[in-house]
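A.B. asks: Quick check, what structure comes out for this input:
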Amino acid sequence: MSTQPPSAPAIRLLSIDFDCPDPVELARFYGDALGLPTVYSSDDFVLLGREGSPGLGFIRVADYRPPTWPDPSQGKQAHMELGVDDLEAAQARMLALGATEPPVQPHPDHRRVLLDPAGHPFCISTQD
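C.D. replies: Okay, here's the model as predicted:
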């Protein structure tokens, strides 16, 4: 009988997927923001990514209801943190791409909360 523990199965992240009303629109936003190409596209799903790396997927949901952050009545559903060198410049770029700014900014000196075109909150933050 072997005393070696069984090896764990290899598990790797393939993608993080977001529900949304329009996957093409949301993929365009994140593709432009992050410089990610479209790997796969159909009427109901778009995947962004690069060979050998996890991707971002966007899935059409007919009765999609956006998060109401910071109001908890419709939860965040997903949350991304994006690192930036210059908060002001990054915020201006994301707003120009179609993000919106919610009225609440918990830590505006180091992190800005923005909403993507489908209403998902995400943060841009510096490391200092």
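
A.B. asks: contacts and neighbour counts: CA atoms only from here.
C.D. replies: OK.

A.B. asks: can I have the host helix or strand of residue 96 written out in PDB, keeping just the CAs?
C.D. replies: For residue 96, the host element (DSSP states H and E) is helix 87-97. Output of helix 87-97 as PDB, limited to C-alpha atoms (Å, rounded to 0.1, in the frame of the first residue of the first chain):
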ATOM      1  CA  LEU A  87      -5.400  57.100 -11.500                       C
ATOM      2  CA  GLU A  88      -6.500  60.300 -13.200                       C
ATOM      3  CA  ALA A  89      -5.400  59.300 -16.600                       C
ATOM      4  CA  ALA A  90      -6.800  55.800 -16.300                       C
ATOM      5  CA  GLN A  91     -10.100  57.000 -15.000                       C
ATOM      6  CA  ALA A  92     -10.400  59.500 -17.900                       C
ATOM      7  CA  ARG A  93      -9.600  56.700 -20.400                       C
ATOM      8  CA  MET A  94     -12.200  54.300 -18.900                       C
ATOM      9  CA  LEU A  95     -14.900  57.000 -18.800                       C
ATOM     10  CA  ALA A  96     -14.100  57.800 -22.500                       C
ATOM     11  CA  LEU A  97     -14.500  54.000 -23.300                       C
END
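
A.B. asks: Tell me the buried residues in that helix?
C.D. replies: Neighbour-count burial for helix 87-97 flags 87, 90-91, 94-95, 97 (criterion: 16 or more other CA atoms under 10 Å).

A.B. asks: Now do the following helix or strand past it: everything it contacts.
C.D. replies: Heading C-terminal from helix 87-97, the first helix or strand you meet, by DSSP H and E, is strand 111-115. For strand 111-115, contacts defined as CA atoms under 8 Å, 6 or more residues apart in numbering pick out 87, 91, 99-102, 104-106, 121-126.

A.B. asks: after strand 111-115, next one along is what?
C.D. replies: Assigned by DSSP H and E, the successor of strand 111-115 is strand 121-125.

A.B. asks: one step back: out of the contacts of strand 111-115, give me the one that has the most neighbours.
C.D. replies: residue 121 (25 neighbours; other CA atoms under 10 Å).

A.B. asks: of all the contacts of strand 111-115, which comes closest to residue 61?
C.D. replies: residue 121 (17.6 Å; CA to CA).
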